[in-house]
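>>> Any chance you could fold what I've pasted below:
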Amino acid sequence: MYYEFISSLGEALPVEDQTRILFQQRLKIIKVPKGRVLLSDGEVCDKLWFLQSGLVRGYHLAPDGQNNFRDVTDWFAGEHDFFHVADSFVKQVPSRECIETLEPSVLIYITRCDLYELYATHPQACCIGRIIAERLVLTHQELLRDMRTLSASEKLESFRTRSRDLFNRVPQKYIASYLGISENYVSKLKARP
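Next up, the predicted model:
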């Protein structure tokens, strides 16, 4: 049932049997429909999620200049991705970000309490967590670099190249929001050969 989660840990570092068993004892699995909000603005993120199947996005609410708010997509998670709201999870402060499923999804999670207990008592779990965090930081740095230096068409092409599966599954309005370009422009760029 938790094979994909454990297998993903093993991509960071070979997982000893004892560590694998300890993780499995603490994991929970849920199935949720499309449109389910897993974390709302102001809630504290207390779970590290793993997406077994489905599609998820993280977003925040930003003022639109007309006394309203619009949501701005910050990230996407596809199959076999780990995700959480980092500042809320680490500092245990209210989140300024929301997490929503974009497709029916099967999710595996471990609570922060259980994860930090494993970190404290099993050095291998701590090493795996560090490697996963390092990979997430590198992905984030690449995105920031692209957002600062690429033109709109280059941003879209970079997203298409890096995330071909997501490019075909994520609704266009969320891709536009994520890349900071208009939905109409995304439509025009996607229509090009």
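
>>> For this protein, which segments are assigned as strands?
Ranges of strands in the chain, per DSSP state E, are 28-32, 37-39, 47-53, 56-63, 69-77, 82-83, 98-101, 105-111.

>>> which stretch among those comes nearest residue 16?
Proximity to residue 16 (C-beta to C-beta) singles out strand 105-111 among those, at 17.2 Å. Any C-beta I mention is one placed from the backbone N, CA and C, and that applies to glycine too.

>>> Distance from the chain centre to that closest one, please.
Between the centre of strand 105-111 and the centre of its chain there are 12 Å (C-alpha atoms, centre = their mean, to the nearest Å).

>>> Could you number the chain from 688 rather than 1 from now on?
Noted, 688 is the first residue going forward, which turns the last one into strand 792-798.

>>> Which strands and helices lie in contact with that strand?
Packed against strand 792-798 by the contact rule (3 or more C-beta pairs under 8 Å, 6 or more residues apart in numbering; DSSP states H and E) you find helix 704-713, strand 715-719, strand 734-740.

>>> Contacts for the first one next, please.
Counting by C-beta atoms under 8 Å, 6 or more residues apart in numbering, helix 704-713 makes contact with 689, 692-693, 696, 702, 797-798, 801-802, 805, 809, 811-812, 815, all of which sit outside it.

>>> Quick check: buried residues in the lowest-mean-pLDDT helix or strand in the chain?
One helix or strand of the chain scores below all others by mean pLDDT, DSSP states H and E: helix 690-699, with a mean of 71. Buried positions in helix 690-699, judged by neighbour count with 16 or more other C-beta atoms under 10 Å: 691, 692, 693, 695, 696, 699.

>>> quick one: which of these is nearest to residue 850?
residue 695 (17.3 Å).

>>> Would you mind confirming that the closest one makes contact with residue 769?
Yes: shown here, residue 695 and residue 769 form a contact pair, counting by C-beta atoms under 8 Å, at 7.1 Å.

>>> hang on, the earlier thing: which of the helices and strands packed on strand 792-798 sits most buried?
Compared across the helices and strands packed on strand 792-798, strand 734-740 shows the largest average neighbour count, a mean of 21 (mean count of other C-beta atoms under 10 Å).

>>> what's the distance between residue 802 and residue 733?
With distances taken as C-beta to C-beta, to the nearest Å, residue 802 is found 10 Å from residue 733.

>>> Of those two, which one has the most company?
Under the neighbour definition other C-beta atoms under 10 Å, residue 802 and residue 733 were set side by side, and residue 802 has more, 21 against 16.
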